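In: What follows is a predicted protein model with its sequence.
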Amino acid sequence: MNRKNSMKSRIILPTMNRRINTLSIAALFVICLTLVPWGIAGAAPGTGIKWHPGHYYTIQNWANDDPIYMAKVYKELKATPALRGMQMRFLWGWLEKSPGVYNFSIIDKHLAELTKMGKRMVIQVQTKSFDADWKLIPNYLKA
């Protein structure tokens, strides 16, 4: 009889341990699913539309301040309602002339023009290049 009990305990105990582990994991999963909707997980509050899908005119770096080129771009934007706005690329050094001194006048100028047309502006600050020697961001921004 002792041998039978020993055999049963070898079969039953590992099975019970697996069931307890499975139930513990399932309980933790249910608790997490309950806490997330309450905002305990740190979800950001909804503040309106943050993404405006559509077609955007992409302006290359060299053209940001070319008045002849930009006049053509604005003419096309006005004539094409499907274009939602434009994306402009900037190098960090164009916006920060010296450490902590920023000049956003070019962005302000283009944003004012786009606002008159009811268009949007996407700003991209380049941080990488195919040229390894090209310094795009100041050292204090590098990790």
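Out: Received it, and whenever you're ready, just let me know what you need. Bear in mind that the values here come from a model prediction, so they are computed numbers and not experimental data.
In: Please name the bridge partners of Leu83.
Out: Following DSSP bridges, Leu83 is listed with bridge partners His55.
In: That one is in contact with Glu76, isn't it?
Out: Yes. Between Leu83 and Glu76 a contact is recorded at 7.3 Å, counting by CB atoms under 8 Å. The C-beta positions use only the backbone N, C-alpha and C, and glycine is treated the same way.
In: low-scoring stretches of this protein, by residue?
Out: The model of the chain has pLDDT under 70 over residues 1-17, 21, 23-24, 26-47, 49, 143.
In: quick one: the helices in it?
Out: Applying DSSP state H to the chain gives helices spanning 2-35, 67-79, 92-95, 105-117.
In: Quick one: list the elements packing against the second one.
Out: Going back to what we said before, that points to helix 67-79. With contacts taken as 3 or more CB pairs under 8 Å, 6 or more residues apart in numbering; DSSP states H and E, helix 67-79 sits against strand 55-59, strand 83-91, helix 105-117.
In: Quick check: chain neighbours aside, which residue is closest to Pro99?
Out: Pro138 (6.9 Å; CB to CB, 6 or more residues apart in numbering).
In: need the contact list for that neighbour.
Out: 92, 96, 99 (CB atoms under 8 Å, 6 or more residues apart in numbering).
In: And it, how far from Ile20?
Out: Distance of Pro138 to Ile20, given as CB to CB, to the nearest Å: 56 Å.
In: repeat for His55
Out: On the measure of CB to CB, His55 and Ile20 end up 57 Å apart.
In: swap in Pro67?
Out: 74 Å.
In: out of these two, which sits in the more crowded spot?
Out: Ile20 (10 against 6; other CB atoms under 10 Å).
In: Next, count neighbours for Asn139.
Out: Neighbour count of Asn139, defined by other CB under 10 Å: 6.
In: per the record, what domains does this structure have?
Out: Using automatic domain parsing, the domain ranges for the chain come out as 2-38, 55-141.
In: List the contacts of the nearest residue to Val73 once chain neighbours are set aside.
Out: For Val73, ignoring the flanking residues on the chain, the nearest one in space by CB to CB, 6+ apart is Tyr57 at 6.0 Å. By CB under 8 Å, 6+ apart, Tyr57 lies in contact with 73, 76-77, 83, 85-87.
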